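Asker: My questions are about this predicted structure, shown below with the sequence.
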Amino acid sequence: MAGRRPEIDGRGFVAGVFPVDKPRGMTSFAVVRRVRHLLGIRKVGHAGTLDPFATGVLILCAGRPATRHIECFMSGRKEYRALLQLGVETETQDPEGRVTARAPVPPLSGAELRALLSEFVGTRMQAPPPYSAAKHKGKPLYHYARQGIVISKEPRPVEIHHIGLLGYDPVLARLEITVTCGRGTYIRVLAGEIGTRIGCGAHLLELRRTASGGFTVEKCVDGRLLFAEDGLAHLLAGMIPVEEAVEKC
């Protein structure tokens with residue numbers, strides 16, 4: 001494991017960067033908490049949260065030499081695979097919220113879908129959704145939304161570099177796409193916008209982050225293994241030294 005040994009001093013572990021494939025049904029902070037436990041240190045943070053229903057690349061930084069580069073890691077382009085359920089809207093724009101509307105889905109051809117998706121490429125304004133980790137007075141918006149308080153944030157510019165059509169199931173009305181975008185883009189907001197453009201509404205059924213900056217899901221540690229008896233061994237096997245990781249920014 002030359003070049004992959006944890007940075008240590010006389011007191012133990014010092015720093016490292018850990019790309020983890022976050023499992024579905026787990027919060028990003030639950031993974032952070034597990035890594036803190038495995039390494040025995042408090043200074044662990046992530047470079048871009050994923051919702052509990054989402055999976056994929058979650059970059060964890062452990063130790064001050066790593067956490068001071070979190071902004072660098074967050075600034076990279078993100079790549080996603082997303083599955084949209086057309087004709088159904090939910091209060092959270094994802095599968096975790098209650099259904100708020102249903103509508104018939106019009107016939108859609110591949111050519112029509114590709115043309116429609118291309119309309120969303122470029123710089124556009126997007127407001128953080130009420131059920132998100134964006135902060136208001138020091139607390140995430142979902143803290144207020146769960147109490148029935150909707151906080152509206154000002155739209156901000158986001159960059160969508162590419163949207164690709166992977167497939168469409170007209171029986172289930174499910175649309176699968178790839179999205180390459182910049183920091184701060186909410187894919188479930190994009191899903192809702194696509195549904196509105198089609199005229200039937202939509203919500204995000206599945207989401208997988210396949211890349212973040214220079215980190216790809218193929219080279220991530222399976223997050224489920226971190227909760228095994230030998231979780232520390234799996235974690236350290238996937239560690240990237242800080243200097244090497246910064247080169248991926």
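Answerer: Noted; the coordinates are in hand.
Asker: Longest strand in the chain, please.
Answerer: Ranked by number of residues, the top strand in the chain under DSSP state E is strand 156-169.
Asker: Give me the buried positions along stretch 171-190.
Answerer: The neighbour-count check on stretch 171-190 (16 or more other C-beta atoms under 10 Å) flags 173-181, 183, 185-190 as buried. To be clear about C-beta, it is placed using only N, CA and C from the backbone, and glycine gets the same treatment.
Asker: Kindly check the end-to-end length of it for me.
Answerer: 22 Å (C-alpha to C-alpha, to the nearest Å).
Asker: again with stretch 237-249
Answerer: The first and last residues of stretch 237-249 sit 21 Å apart, counting by C-alpha to C-alpha.
Asker: model confidence over it, on average?
Answerer: Averaged across stretch 237-249, pLDDT comes to 93.
Asker: With stretch 39-58 instead?
Answerer: When pLDDT is averaged over stretch 39-58, the result is 94.
Asker: mind listing what's buried in that stretch?
Answerer: Applying a neighbour-count criterion of 16+ other C-beta under 10 Å, the buried positions in stretch 39-58 are 39, 41, 43-58.
Asker: I'd like the distance between the residue most central in space within the chain and Ala127.
Answerer: With distances taken as C-alpha atoms, centre = their mean, the chain has Leu50 as the residue nearest its mean C-alpha position (3.7 Å). From Leu50 across to Ala127, the span is 20 Å (C-beta to C-beta, to the nearest Å).
Asker: Next: Gly213.
Answerer: Relative to Ala127, Gly213 is positioned 25 Å away (C-beta to C-beta).
Asker: quick one, which of the two is more surrounded?
Answerer: Legend: neighbour count by other C-beta atoms under 10 Å for Gly213 and Ala127, higher for Gly213 (22 against 14).
Asker: Good, wrapping up.
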